[in-house]
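Student: Whatever this is, show me its structure:
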Amino acid sequence: MREVLDKRVQSITFKNGITHTFAYKSLLQSKSTAPTRMQYKNYEGAVLDYLKENGPASRADLQKATIISRDEIYSLLAELLEHGLIVKTGQSALTRYHYKEKIT
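Tutor: Predicted coordinates:
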């Protein structure tokens with residue numbers, strides 16, 4: 001049996017008699033309402049500026065410079081690589097990210 005309120009399942013009662021009740025947070029109580037992409041997207045310019053000024057950098061260096069999570073920095077770096085704004089060299093602990101100069 002299900003109990004639904006405002007298009008959200010409030011509780012489920014299984015055949016064995018156990019009831020599971022769900023607790024939902026409102027959007028205002030949520031830790032963040034913006035998708036992760038929009039949060040790390042704010043740091044795109046900071047990463048590019050850091051690479052322009054300091055040269056090649058590791059993921060850890062860029063993470064410290066931007067103060068975002070490891071997952072977010074990896075997502076941001078993947079997006080910058082995909083758009084051709086940065087270049088990745090090396091592997092594992094020797095991986096470095098370089099600013100890609102535009103050829104005009």
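
Student: Give me the nearest residue to Y40, chain neighbours excluded.
Tutor: Excluding the flanking residues, the one nearest Y40 by C-beta to C-beta, 6 or more residues apart in numbering is E72, at 4.0 Å. For every residue, glycine as well, the C-beta is placed using N, CA and C.

Student: got it, and L80?
Tutor: I86 (4.5 Å).

Student: Check what pLDDT the one you found gets.
Tutor: Here the pLDDT value assigned to I86 is 95.

Student: can you tell me which residues contact it?
Tutor: 47-48, 51, 77, 80, 97-100 (C-beta atoms under 8 Å, 6 or more residues apart in numbering).

Student: T21 now?
Tutor: Neighbouring residues of T21 by C-beta under 8 Å, 6+ apart: 10-11.

Student: Which residues are in contact with S58?
Tutor: S58 touches 93, 95-97, counting by C-beta under 8 Å, 6+ apart.

Student: same thing but 10 Å
Tutor: Neighbour list for S58: 64, 90, 93-97 [criterion: C-beta atoms under 10 Å, 6 or more residues apart in numbering].

Student: For the buried ones among those residues, write the corresponding ChimeraX selection.
Tutor: The buried residues among those can be selected in ChimeraX (16 or more other C-beta atoms under 10 Å) with this line:
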select :97
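
Student: For the contacts of S58, could you give me JSON lines that also reports pLDDT?
Tutor: Below are these laid out as JSON lines (pLDDT from 0 to 100):
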{"residue": "K64", "pLDDT": "91"}
{"residue": "G90", "pLDDT": "94"}
{"residue": "A93", "pLDDT": "89"}
{"residue": "L94", "pLDDT": "94"}
{"residue": "T95", "pLDDT": "95"}
{"residue": "R96", "pLDDT": "96"}
{"residue": "Y97", "pLDDT": "96"}
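
Student: out of the contacts of S58, which are inside helices?
Tutor: With DSSP state H as the criterion, helices contain K64 from among the contacts of S58.
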